[in-house]
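1. need the 3D shape of this:
(one chain, ligands or ions: 1)
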Amino acid sequence: MTRTVEGPIHRYTYRDAHTRARQLANALRALNVKLGDRIATLAWNTYRHFEVYYAVSGIGAITHTLNPRLHPSQLTYIVNHAEDSWIFVDLNLVPLVEAVADDIPSVRGVVVMTDKANMPDTSLANAICYEELVEGHADDFEWPEFDENTASSLCYTSGTTGNPKGALYSHRSTIIHAYGSALPDVLHLGENEVVLPVVPMFHVNAWGIPYGATMTGAKLVFPGAGLDGASVHELLATEGVTMTAGVPTVWLNLLNHWRETGTRAQSLKRVIIGGSACPESMIRAFQDEFGAEVRHAWGMTEMSPLGTVSIPKPSMTDPDGRMRKQVKQGRAVFGVQMRIVDDDGREVPHDGEAFGELQVRGPWITSGYFKHDQSEAHDHDGWFATGDVSTMDADGYMEVTDRAKDVIKSGGEWISSIEIENHAMSHPDVAQAAVIGLPHPKWDERPLLIVVPAKGKTPTHADMTAFLEDKVAKWWLPDDTVLTDELPLGATGKVLKAQLREQFGDHTFPETRS
Ligand code: ADP
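-> Residues are numbered from 1 along each chain as shown. Next comes the predicted model:
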């Protein structure tokens, strides 16, 4: 089921989808698309995007998902680097392609994902209507056989440092990841589940849900372009959704909507939250107020993306103890190996205290970046360095304390910004919080707490200090608190700390103010 970009609801079966994917496969062949060609999509989560996934990869070409939230200059860089030959674009994203059309010479044409009646007036030279393309071809198609290591899809990382890099997934890695994702203690997919991926198909294949759900026969509910709280709620409530998945920022909107309207989604059993740390207050809201279990998950583009899921063990019966596990990023999904190493490359003890860089290895961890040397991603043993600083406890639960580039170093010791943020967000007057390190003459760096207040509230630094005092070490307490209207978010919904450091770079801490 899809809420289409044009508006109406669309429903069909997997059998119908397969028929149309075969028609599209014939159409791609007619467009002279060959094994290994990159076919880009610039699209929301819809049934047409789903068909493109299967038709393109099924003929041995590579589905290259583009993120519509990227700056046009980044889009141009990525399309040129990937040398995409066609772009499949959603109706309301056509202007984005028009804006860069002159700068992407490898693109032979653009397929607008709509029907004839809705085709827009466009300046694009070679614009084809998706429905005309599909309907113009027969549905008898023999899927070709090729090596399982053939590339099937491509997704570029956000490139917060340097140019974006393309993580290439193979048919083999995609299938193994889909098996792993379907497990009961991972995404719990199956025929009795109704799954709404809020997480976009344009970033890391919507965490693999379009593959895992199809493999197991779960009903898929695609939200199209409507990702606000009210639109997501409507689909959750009317489609009988049992599981949904997305980054923390989208859930803030849904929780606000539920609270403002006094509604909830009765059928919803599980919410998978990842991409950034899920604050305790969000876990409590879903579980205690709205009756849906939160599964906090961690991963990254280079990992297809699933790495860990945090579910307390049945033997953990104390509610506070269970919550302490849920705020962690969790235990490795079977197939993922993890190790945490210090600056000298030695593994740190699994005591929940010692931290270092997290490294991973496994069948769905990318073997290299597209058009890059493999050694750029891995050491000689095949371990991939995640760039996350983390700890591991004796029960095997991993906790990310920071992105390596965001760590705060004070007096030679590290302060976990994620942990302070997490606590700050449980203050009733706080909607969102971010902690950054600012230079300090004596301590090297000290933490600054940046707060987006809850509606109509104005928490002070004294309030926040009093609240945090018994939750973090004294020397972790932020030196100051500033209020702001919103936090800058990147194209994948993460808070842009580099931008915050720029924005608040001139801030002086009270004790150093003259
Ligand atoms: P990008 O494209 O920005 O690299 P990814 O989607 O690959 O984005 O994000 C990967 C990174 O996001 C991880 O390395 C980690 O820093 C962060 N991340 C993902 N999930 C979580 C989580 N549950 N808690 C904390 N950080 C997370």
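2. can you tell me which residues contact the residue nearest to the spatial centre of the chain?
-> Central residue of the chain (C-alpha atoms, centre = their mean): G275, 4.6 Å from the mean position. Contacts for G275 (C-beta atoms under 8 Å, 6 or more residues apart in numbering) come out as 199, 246-248, 492-494. Backbone N, C-alpha and C define where each C-beta goes, glycine included.
3. could those residues be laid out in CSV, adding distance to R446?
-> What follows is the contacts of G275, written out as CSV (distance: C-beta to C-beta, whole Å):
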residue, distance to R446
V199, 35
G246, 33
V247, 28
P248, 26
T492, 29
G493, 28
K494, 23
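4. and A431, that's in a strand?
-> Yes: under DSSP: H, G, I helix; E, B strand; the rest coil, A431 sits within a strand.
5. count of neighbours near it?
-> A431 has 17 neighbouring residues, counting by other C-beta atoms under 10 Å.
6. pretty sure it contacts G456?
-> No: here A431 lies out of contact with G456, judged by C-beta atoms under 8 Å, at a distance of 10.8 Å.
7. mean confidence for the top helix by length along the chain?
-> Taking DSSP state H as the criterion, the chain has its longest helix at helix 14-30. Mean pLDDT, helix 14-30: 98.
8. and S281, what does it touch?
-> By C-beta under 8 Å, 6+ apart, the residues touching S281 are 425-426.
9. repeat that with 10 Å
-> By C-beta atoms under 10 Å, 6 or more residues apart in numbering, S281 lies in contact with 252, 255, 327, 422-428, 430-431.
10. doesn't it fall inside a strand?
-> No: S281: not assigned to a strand; according to three-state DSSP it is helix.
11. and the pLDDT at it?
-> S281 carries a pLDDT value of 95.
12. and for H233?
-> You'll see H233 listed with a pLDDT of 98.
13. what's the neighbour count on it?
-> Neighbours of H233 (other C-beta under 10 Å): 19.
14. can you tell me the element it falls in?
-> Here H233, judged by DSSP states H and E, is contained in helix 229-238.
15. C-terminal to that helix, what's the next element?
-> Using DSSP H and E, the helix or strand that follows helix 229-238 towards the C-terminus is strand 243-246.
16. what about that next one, near the ligand?
-> No: residues of strand 243-246 contacting the ligand under C-beta under 6 Å from any ligand atom: none, with a closest distance of 11.6 Å.
17. show me what that strand is packed up against.
-> The criterion is 3 or more C-beta pairs under 10 Å, 6 or more residues apart in numbering; DSSP states H and E, and the helices and strands that strand 243-246 contacts are strand 194-197, helix 204-207, helix 209-216, helix 229-238, helix 248-261, strand 270-273, strand 293-299.
18. ranking these by burial, who's on top?
-> helix 204-207 (a mean of 26; mean count of other C-beta atoms under 10 Å).
19. got any ranges where the stretch 401-514 of the chain has weak pLDDT?
-> Low-confidence segments of the stretch 401-514 of the chain (pLDDT under 70): 512-514.
20. my bad, should have said the chain
-> 159-161, 374-377, 380, 512-514.
21. circling back: now the longest helix of the chain and helix 209-216, what's the angle there?
-> In terms of direction (axes from the mean of the first three to the mean of the last three C-alpha atoms, to 10 degrees), helix 14-30 departs from helix 209-216 by 120 degrees.
22. does S390 sit in a helix, a strand or a coil?
-> Put simply, S390 is strand when judged by three-state DSSP.
23. how about the contacts made by it?
-> Counted by C-beta under 10 Å, 6+ apart, S390 has contacts 298, 308, 328-329, 338, 340, 348, 355-358, 398-402, 416, 418.
24. now the contacts of S281 as TSV including distance to the ligand?
-> As requested, the contacts of S281 are exported to TSV (distance: C-beta to the nearest ligand atom, whole Å):
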residue	distance to the ligand
L252	15
L255	17
V327	9
N422	10
H423	15
A424	15
M425	13
S426	16
H427	20
P428	23
V430	18
A431	19
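25. buried only: go through the residues you listed for me.
-> Applying 16 or more other C-beta atoms under 10 Å to the contacts of S281, the neighbour count classes 252, 255, 327, 422-427, 430-431 as buried.
26. ok, those residues vs K219, which is closest?
-> L255 (24.2 Å; C-beta to C-beta).
27. how about that closest one, nearest residue that isn't a chain neighbour?
-> Residue nearest to L255 in three dimensions, not counting chain neighbours: A285, with 5.3 Å by C-beta to C-beta, 6 or more residues apart in numbering.
28. quick check: the gap between that neighbour and the ligand.
-> Distance of A285 to the ligand, computed by C-beta to the nearest ligand atom, to the nearest Å: 17 Å.
29. just to check, that residue is in contact with P279?
-> Yes: counting by C-beta atoms under 10 Å, A285 does reach P279; the two are 9.4 Å apart.
30. joint contacts of these two?
-> Residues within reach of A285 and of P279 at once, by C-beta under 10 Å, 6+ apart, are 251-252.
31. pick out whichever of those two has more residues nearby.
-> P279 (25 against 19).
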